[in-house]
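Chemist: Turn this into a model:
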Amino acid sequence: MALAFRVFARKGYTEGMSGHISVRDPENPHTFWTNPLGRHFGLLKASDMILVDYDGNAIGGNMSRPANAAGFLIHSAVHKARPDVTAACHTHSPYGKAWSTFCRPLEMLNQDVTYFYGSAQSVYPDFGGVVFTEEEGERLASALGPEGKGMILRNHGLLTVGGTVDEACYLYTLMERSCEVQLLAEAAAANGVPKVYVPEESARYTFEHASDPEALYWEAQPDMEYEEFMCSGAHKD
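Modeler: Numbers count the residues shown, from 1 in each chain. Below you'll find the model as predicted:
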């Protein structure tokens with residue numbers, strides 16, 4: 001998880017105190033680890049993480065700083081609603097925020113975005129400000145759906161989930177890049193250049209054969225290995 005945060009930092013996904021990753025605890029699945037409030041993604045180490053329960057109590061790890069309150073409400077709702085989810089990622093990354101203003105799903109414009117084909121992606125159509133109520137967190141989790149891998153939160157940002165932190169991290173970087181590509185395509189289309197979409201059958205085929213949890217885990221490894229090299233393993237402390 002610390003390494004995933006450092007990948008996000010290098011890619012420019014930081015925005016003040018916003019953004020969080022959660023990982024379900026393997027021994028007590030009704031608790032999860034998350035990052036402390038106000039510490040830069042690029043500085044995070046394993047020893048910085050906080051273990052919280054579903055009631056919002058810090059019960060382990062480094063408790064010198066609190067967890068992000070809005071982050072807790074989002075992640076606890078997702079973990080409660082989706083027992084299959086081990087990790088969830090949410091930040092206020094620039095292209096995700098830009099595309100979220102349209103309140104539309106990503107279109108099947110290329111091979112990579114087909115990893116979010118069909119029910120794998122969703123859009124949360126409401127925005128009520130910072131998530132400070134349990135009900136708002138539950139609505140977000142409901143919008144993600146039982147099969148969702150990535151969600152566009154209107155006027156807010158992106159959220160991805162996975163069976164490993166590597167999978168969730170890779171899906172986040174992929175969704176952010178896909179938002180960037182979508183915006184580029186929209187700009188070209190506005191000047192009269194027609195978009196050509198991936199055929200439905202091809203999109204489904206690619207999703208079914210290339211977007212399984214193991215493949216997505218391995219998709220994350222190049223960024224993870226590069227970041228570990230660049231930070232000389234500082235995330236492990």
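
Chemist: Might you list the low-confidence residue ranges for the protein?
Modeler: When the per-residue scores of the chain are filtered using pLDDT under 70, no range remains.

Chemist: which helices and strands does whichever helix or strand residue 215 is part of pack with?
Modeler: Using DSSP states H and E, the element containing residue 215 is helix 213-230. Identification of packing neighbours for helix 213-230 by 3 or more CB pairs under 8 Å, 6 or more residues apart in numbering; DSSP states H and E yields helix 2-10, helix 165-190. (Each C-beta comes from the backbone N, C-alpha and C, glycine too.)

Chemist: what angle sits between the last one and helix 2-10?
Modeler: Translated: helix 165-190. 20 degrees (axes from the mean of the first three to the mean of the last three CA atoms, to 10 degrees).

Chemist: Let me see the residues that make contact with the following helix or strand past helix 165-190.
Modeler: Downstream of helix 165-190, the next assigned helix or strand under DSSP H and E is helix 200-210. For helix 200-210, contacts defined as CB atoms under 8 Å, 6 or more residues apart in numbering pick out 108, 111, 114-118, 120, 198.

Chemist: Tell me how many other residues crowd the nearest residue to residue 117 once chain neighbours are set aside.
Modeler: Excluding the flanking residues, the one nearest residue 117 by CB to CB, 6 or more residues apart in numbering is residue 207, at 3.8 Å. As a burial measure, residue 207 scores 19 neighbours (other CB atoms under 10 Å).

Chemist: One more: residue 55?
Modeler: Neighbour number of residue 55 under other CB under 10 Å is 10.

Chemist: Are we agreed that it is in a helix?
Modeler: No. With DSSP: H, G, I helix; E, B strand; the rest coil as the criterion, residue 55 is located in coil rather than a helix.

Chemist: Tell me how far it lies from residue 8.
Modeler: Per CB to CB, to the nearest Å, residue 55 is found 28 Å from residue 8.

Chemist: Okay, angle between the helix holding residue 215 and helix 200-210 too, please.
Modeler: Using the same axes, to 10 degrees: helix 213-230 against helix 200-210 is 60 degrees.
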